[in-house]
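In: model this:
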Amino acid sequence: CLTQDAEIRKAIVEAKRLDAVIKLTRSLDVSCQRYAALALCNLGCGADTKAEIIAQGSLKPLIFLMRFPDLDCQRYAALAIAGLGLGGVTHDHDNKHTIVEEGAVRPLVELCRFPEPRLQLCAALAINAVALGANGATMLGIAREHGLPALFSLLDPKQDDECHFASVYAMG
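Out: As a prediction, the model looks like this:
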């Protein structure tokens, strides 16, 4: 709940206390994993601290949680990647490129193919966030991980309209 507040998010990141949250992503208690993923999702939405969140080691646990067999963990982890990727380019750091290089695209592509519309939407939004911008390397990284066929699969008429929109936007 505390990570919903912008000042608290900034204080947590600046105090370099993400290690405690990251440790909870590997807890034996699924509820702890869910709340850790949600906290990382909320933290990733902070505009000023995205590069520091990645520097403190958040990507590997998020990749782990996207592959974990709990839908809430997967959704929160995908949305955390979206938050970290949205914007995410400064004069000295490109979060999008780091997200691609650390291997987060493949699990997002896999989640686009998972038969649960809300999870597909979260994954498509994350791919969108990584694709936005002028960095051709991130777009190529998505294509290399078979992101386009996964996004095309979301255009099936049986799919949710929001998935359609997110897919078309990402392809655009």
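
In: rest of the way, CA atoms for contacts and neighbours
Out: Fine.

In: list the residues that contact the residue nearest the centre of the chain.
Out: Centroid check for the chain by CA atoms, centre = their mean gives I81 as the closest residue, at 1.6 Å. Under the criterion of CA atoms under 8 Å, 6 or more residues apart in numbering, the neighbours of I81 are 41, 44, 59, 62, 99, 104, 126.

In: looking at these, which are in helices?
Out: Mapping the contacts of I81 onto helices (DSSP state H) picks out 41, 44, 59, 62, 99, 126.

In: now find how far off-centre stretch 153-162 is within its chain.
Out: 21 Å (CA atoms, centre = their mean, to the nearest Å).

In: swap in stretch 145-165?
Out: Taking CA atoms, centre = their mean, the mean C-alpha location of stretch 145-165 is offset from the chain mean by 17 Å.

In: what comes up buried for the helix or strand of the chain with the lowest mean pLDDT?
Out: Scoring the helices and strands of the chain by mean pLDDT, DSSP states H and E places helix 6-14 at the bottom, with a mean of 86. By neighbour count with 16 or more other CA atoms under 10 Å, helix 6-14 contains the buried residues 9-10, 12-13.

In: turn the contacts of I81 into CSV, including distance to T25.
Out: Output for the contacts of I81, formatted as CSV (distance: CA to CA, whole Å):
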residue, distance to T25
C41, 12
G44, 15
L59, 11
L62, 8
I99, 18
A104, 16
A126, 19
